[in-house]
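1. Pasting the sequence and the predicted coordinates here, then a few questions.
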Amino acid sequence: MLEGLLGGVGAILLLAGCALATIGLYGLLLKPDIFEQLHVAGLVTGPGVVLLLVASIGTGSAEIVTSAVVVAAFVLVTAPISAHVIAQTAVRRYGEAQGEPTGRRAVVHGRGTREMRVVIGHDGSAGAELAARLAASIDWPPGTGIRIIRAVAAQELPSIDTLLSADSRSPSSDQGLDEPALRDAAQLIERPELRVEAAIARGDAADVLADEASSFGADLLITGSRRRGFVQSLVGWSAAGEIVDRAPCPVLVARSTDLRTVMLATDGSAQSAAAAELVARWPIFDLARIHVVTVSAETPPARGLGAGSPAAAAQRTLDTVASLLMDAGRDVVREVLHGRPGPRIAEEAQARSIDLIVIGSRGRTGLGRSLLGSVAGDVLASASCSVLIVAPPPRRP
């Protein structure tokens, strides 16, 4: 009777241990990051192995049970030590790759350690002041050049363009043009390690900023945001949208002064990959927490994911991008969303108090964007936080 009971208990423990070990090994194959792999491996080296060893009571042999208990105690002592050593080795690998201290998980900058060139559009509005304050709060790499540009109509400008330096009290030309808003913005951003200047140019704002970003070799163009009017909303047009369409570089539409939490929206396209590479490379994201999201039109399945389902494809896209960012030392959180991409991304960003949404754009412009729709355009129109749009350079005639 006792032997039969012990045999039944041993069989149950054996099956439970095999199940936990199988789950852990399956997760080990799925997880792309070494730290997540260590987490799921704990199921195998912890409860999985212990249950398999304790199942030896089904044999009814005192010698076998004693040996199993000794081995279980050995595993419980050595498994955490080995996991700690592996984790420390991974941390050193991240740090030594860039020659940084090994006592913490260092950030791999890659090409992002170089100085940047930034153009800021400033028209004296509240949105422009917000863009200047955001630029002032960002930890730019040393040597970064920042140029603040104001576009004015031809009749408002003297015969030559006026250039203001950050520490000047009057324009460098003798035309008598006074622009305290530009000077104040330049002084707000100015630091010893940065090169800040302000300039005034004639022409349409979108054209002026696009031409300035091109001639300056800008990595980033920052502009403020204004609420769209009724007619503009009907045709899907806004000043920020025009700048995005024409800019030769990524455009950051500022709506807050912080850059602590970032949401990267990805869909597996080449533009999304470019946005992910930018987040992984630029040093301005070194201290930000990155929420990587993708949107699947398929509702969450009740039981698992089919290998060919849209939800499974979305998960694979998400894991690929998250792996890229974690290899660059970013602090990453990932999630698959469901619904219409544009509104769903904006809604999730607001719920999580995100400071900045980074999204790739296929560069659809003008009437085509109005009629066919644009996820980046929807996000730009509905998001309450800042939006960074990474689009292919516009085609030149």
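-> Arrived safely.
2. going forward, measure contacts between C-alpha atoms and count neighbours the same way
-> Will do.
3. Where does the record place the domain boundaries for the chain?
-> 2-96, 111-252 (automatic domain parsing).
4. quick one: secondary structure of residue 323?
-> helix (DSSP: H, G, I helix; E, B strand; the rest coil).
5. Could you check how far it is from residue 292?
-> For residue 323, the distance to residue 292 equals 10 Å [CA to CA, to the nearest Å].
6. who's more crowded, those two?
-> Taking neighbours as other CA atoms under 10 Å, residue 323 and residue 292 compare with residue 292 leading, 23 against 17.
7. Within the helices and strands, which one has residue 380?
-> helix 375-382 (DSSP states H and E).
8. Now tabulate the domains of the chain in CSV and tack on mean pLDDT, distance to residue 332 and mean neighbour count.
-> Listed next are the domains of the chain as CSV, based on pLDDT from 0 to 100; distance: least, CA to CA, whole Å; neighbours: other CA atoms under 10 Å:
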stretch, mean pLDDT, distance to residue 332, mean neighbour count
domain 2-96, 79, 11, 17
domain 111-252, 75, 18, 19
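9. Please name whichever of those is nearest to residue 284.
-> For the domains of the chain, the distance to residue 284 is smallest for domain 111-252, at 6.0 Å, taking CA to CA.
10. so where is the stretch 251-397 of the chain shaky, pLDDT-wise?
-> Low-confidence segments of the stretch 251-397 of the chain (pLDDT under 70): 297-310, 363-373, 393-397.
11. try 80 this time
-> 297-314, 362-374, 392-397 (pLDDT under 80).
12. So which elements touch the helix holding residue 380?
-> helix 341-351, strand 386-390 (3 or more CA pairs under 8 Å, 6 or more residues apart in numbering; DSSP states H and E).
13. what's the most buried one of the ones you listed?
-> strand 386-390 (a mean of 26; mean count of other CA atoms under 10 Å).
14. Note down every partner strand of it and its orientation.
-> Taking DSSP bridges as the criterion, strand 386-390 forms sheet pairs with strand 251-253 (antiparallel), strand 356-360 (parallel).
15. I'd like to know which of these lies nearest to residue 221.
-> strand 251-253 (4.8 Å).
16. so what strands line up beside the very next helix or strand once past the closest one?
-> Using DSSP H and E, the helix or strand that follows strand 251-253 in sequence is strand 261-265. Using DSSP bridges, the strands paired with strand 261-265 are strand 289-296 (parallel), strand 356-360 (parallel).
17. going on from the lengthiest helix in the chain, what's the next piece of helix or strand?
-> Taking DSSP state H as the criterion, the chain has its longest helix at helix 62-96. Per DSSP H and E, the first helix or strand lying C-terminal to helix 62-96 is strand 117-121.
18. ok, and what's touching that following strand?
-> Residues from elsewhere that reach strand 117-121 (CA atoms under 8 Å, 6 or more residues apart in numbering): 128, 131-132, 144-150, 209, 212-213, 216-224.
19. For that strand, which strands pair with it and how are they oriented?
-> strand 145-152 (parallel), strand 220-223 (parallel).
20. Could you export the longest one as PDB, CA atoms only?
-> What follows is the C-alpha trace of strand 145-152 in PDB, where atoms were taken according to Å, rounded to 0.1, in the frame of the first residue of the first chain:
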ATOM      1  CA  GLY A 145      26.000  72.500 -33.200                       C
ATOM      2  CA  ILE A 146      22.500  74.000 -32.700                       C
ATOM      3  CA  ARG A 147      21.000  76.600 -35.100                       C
ATOM      4  CA  ILE A 148      17.800  78.400 -34.300                       C
ATOM      5  CA  ILE A 149      16.000  79.600 -37.300                       C
ATOM      6  CA  ARG A 150      13.100  82.000 -37.700                       C
ATOM      7  CA  ALA A 151      11.400  82.300 -41.100                       C
ATOM      8  CA  VAL A 152       9.700  85.600 -41.900                       C
END
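21. Secondary structure element for residue 206, which one?
-> Residue-wise, residue 206 maps onto helix 205-216 under DSSP H and E.
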